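Asker: Here's my sequence, what's the structure:
(one chain, ligands or ions: 2)
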Amino acid sequence: MSTVVETPVDTTPEPGSDRPGVREGAFGNATGLVCRECGATQELGPHYACLECFGPLEIAYEFPAVTREQIEAGPANMWRYKALLPVPADIEQSPNMEPGFTRLLKANNLGKHLGIDNLWVKDDSTNPTNSFKDRVVACALSAATEFGSKVFACPSTGNLANAVAAAGARAGIKTVVFIPANLETPKIVNSAVYTESLVAVNGNYDDVNRLASEIAGEEEGWAFVNVNVRPYYAEGSKTLGYEIAEQLGWRLPDQIVIPVASGSQLTKVDKAFQELIKLGLVEDKPYRVFGAQATGCSPVSVAFKSGQNVVRPVKPDTIAKSLAIGNPADGPYVLDVCRRTNGAVEDITDDEVRAGILLLARTEGIFTETAGGTTVGVLKKLVETGQLDPTLDTVVINTGMGLKTLDAISSQVGPAATIDPTYAAFTATGIA
Ligand SMILES: *Cc1c(COP(=O)(O)O)cnc(C)c1O
Ligand SMILES: [Zn+2]
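Answerer: Ligands and ions are numbered 1, 2, ... in the order given. This next block holds a predicted model:
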């Protein structure tokens with residue numbers, strides 16, 4: 001006699017088994033990926049290029065009714081907008097840096113200096129690693145986790161590496177970050193404290209980016225936040241747009257000035273404004289989007305001014321290293337947004353970038369990095385050249401923190417005097 005013990009056969013399908021590896025609800029209200037060039041669709045997954053035309057993919061959604069009250073009841077970070085992002089409903093429970101909901105400061109002093117009636121600074125230097133990159137990384141980390149990636153990686157002009165290394169450390173996932181070797185020391189240290197695998201590459205960002213794409217193709221299970229999970233990553237920038245509208249009292253600004261590196265942020269702030277209009281969360285009205293570049297890396301500005309649709313790559317040479325992408329992936333889409341909204345793309349010299357840093361510091365008490373110096377300097381130029389209407393409500397985005405780019409400004413500021421510790425020595429300075 002023998003007893004046959006039958007192994008029960010489990011006939012219930014794996015959750016989300018029609019999409020292998022993707023948990024049901026993992027991407028919230030996102031429904032798929034859509035090609036920005038030809039409109040072909042793909043299922044949600046770790047894809048970034050269209051199978052038909054190799055165009056860039058972006059996230060498509062079917063939004064439920066979302067109310068201001070629902071959003072306002074959410075946490076004081078970017079997850080208050082989770083219904084509008086490709087993240088699961090329980091995203092707050094995952095270990096993340098909780099970036100966002102940074103301050104929107106009414107900048108009356110800077111406004112007065114520039115002759116702008118109503119000006120606000122959206123200050124993203126107060127994010128966990130002191131740049132807006134914490135927002136995009138938070139969305140990318142969520143996607144990488146859902147895809148079961150074992151390495152969290154990026155090519156970076158500096159700030160992205162800081163954000164990836166920190167977020168990966170907190171989430172307990174291995175990080176590998178790639179940067180141009182000639183980066184500012186504070187940006188190198190700000191990554192190296194979080195990760196043992198910081199790789200400095202002899203070359204500029206575009207070289208680093210090419211290398212990252214090659215590695216992404218060779219290594220299994222590596223999530224390069226801005227390469228193979230770029231569609232998810234990019235959505236994080238929308239939260240800047242949502243926050244600005246909410247903090248203005250649920251209305252859109254008339255004009256907004258945004259720095260341009262790859263151009264992703266600018267296009268996603270516009271996408272956010274469009275979504276808010278469609279959802280009825282703000283009133284539909286015209287707004288103008290302006291892009292800011294440094295002349296030493298201004299391929300999008302050059303294309304805008306010469307009326308072209310193609311962005312010709314350049315070799316970057318500017319102190320605004322966080323914006324130094326010579327071949328910007330979203331450049332053509334920046335042109336589309338700025339032309340459609342009756343805005344512009346403008347560029348300024350490195351001296352004007354430094355002046356922009358000092359101007360923001362001395363009018364508003366905000367120490368920005370070279371990217372912010374570029375944005376504030378371009379704002380000034382847009383007013384002076386009559387491209388921006390100073391009577392309209394204007395927002396300028398400060399994307400990063402001045403302590404990371406001290407070298408850019410340290411030769412211009414310092415002690416007014418060095419004296420012996422006596423009252424007589426002090427009065428001799430003439431400061432009192
Ligand atoms: C990356 C970066 C930008 C530009 O971002 P894109 O989305 O690539 O255009 C602007 N400011 C700072 C400080 C950055 O680090
Ligand atoms: Zn396509």
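Asker: mind listing what S191 touches?
Answerer: S156, G158, A161, N162, A165, V177, I179, L198 (C-beta atoms under 8 Å, 6 or more residues apart in numbering). Where C-beta positions appear, they are placed from N, C-alpha and C, glycine not excepted.
Asker: do the same with Y287
Answerer: Here Y287 is in contact with L252, P253, D254, Q255, I256, F273, T341 (C-beta under 8 Å, 6+ apart).
Asker: Quickly name whichever of those residues is closest to ligand 1.
Answerer: Set against ligand 1, the nearest of the contacts of Y287 by C-beta to the nearest ligand atom is I256 (13.7 Å).
Asker: Now the closest one. Nearest residue, chain neighbours left out?
Answerer: Nearest residue to I256 in three dimensions, chain neighbours excluded: V395, at 4.7 Å (C-beta to C-beta, 6 or more residues apart in numbering).
Asker: That neighbour: neighbour count?
Answerer: Using other C-beta atoms under 10 Å, the number of residues around V395 comes to 27.
Asker: thinking again about what came up before, please identify, among the contacts of Y287, the one with the most neighbours.
Answerer: Ranked by the number of neighbours (other C-beta under 10 Å), those place I256 first, at 27 neighbours.
Asker: Tell me where this structure has helices.
Answerer: With helices called from DSSP state H, the chain shows them at 68-72, 108-114, 133-146, 159-171, 185-192, 205-218, 230-235, 238-247, 264-278, 299-305, 331-340, 350-364, 370-384, 423-428.
Asker: can you list the ones you listed in CSV and add distance to ligand 2?
Answerer: Output for those, formatted as CSV (distance: least, C-beta to the ion, whole Å):
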stretch, distance to ligand 2
helix 68-72, 33
helix 108-114, 42
helix 133-146, 20
helix 159-171, 26
helix 185-192, 34
helix 205-218, 18
helix 230-235, 13
helix 238-247, 22
helix 264-278, 17
helix 299-305, 22
helix 331-340, 14
helix 350-364, 37
helix 370-384, 31
helix 423-428, 69
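Asker: May I see those helices organised as TSV, with mean pLDDT added?
Answerer: Shown next, in TSV, are the helices of the chain (pLDDT from 0 to 100):
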stretch	mean pLDDT
helix 68-72	98
helix 108-114	98
helix 133-146	97
helix 159-171	97
helix 185-192	94
helix 205-218	94
helix 230-235	97
helix 238-247	98
helix 264-278	98
helix 299-305	98
helix 331-340	98
helix 350-364	98
helix 370-384	98
helix 423-428	97
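Asker: E235: which of the contacts of S191 is nearest?
Answerer: Set against E235, the nearest of the contacts of S191 by C-beta to C-beta is S156 (18.6 Å).
Asker: Excluding chain neighbours, give the residue nearest to that closest one in space.
Answerer: I179 (5.3 Å).
Asker: What distance separates the opening and closing residues of stretch 216-232?
Answerer: 16 Å (C-alpha to C-alpha, to the nearest Å).
Asker: Look up how far K112 lies from whatever residue of the stretch 1-150 of the chain ends up closest to ligand 1.
Answerer: Across the stretch 1-150 of the chain, the shortest distance to ligand 1 (C-beta to the nearest ligand atom) belongs to S131, at 4.6 Å. To K112, S131 is 28 Å away according to C-beta to C-beta, to the nearest Å.
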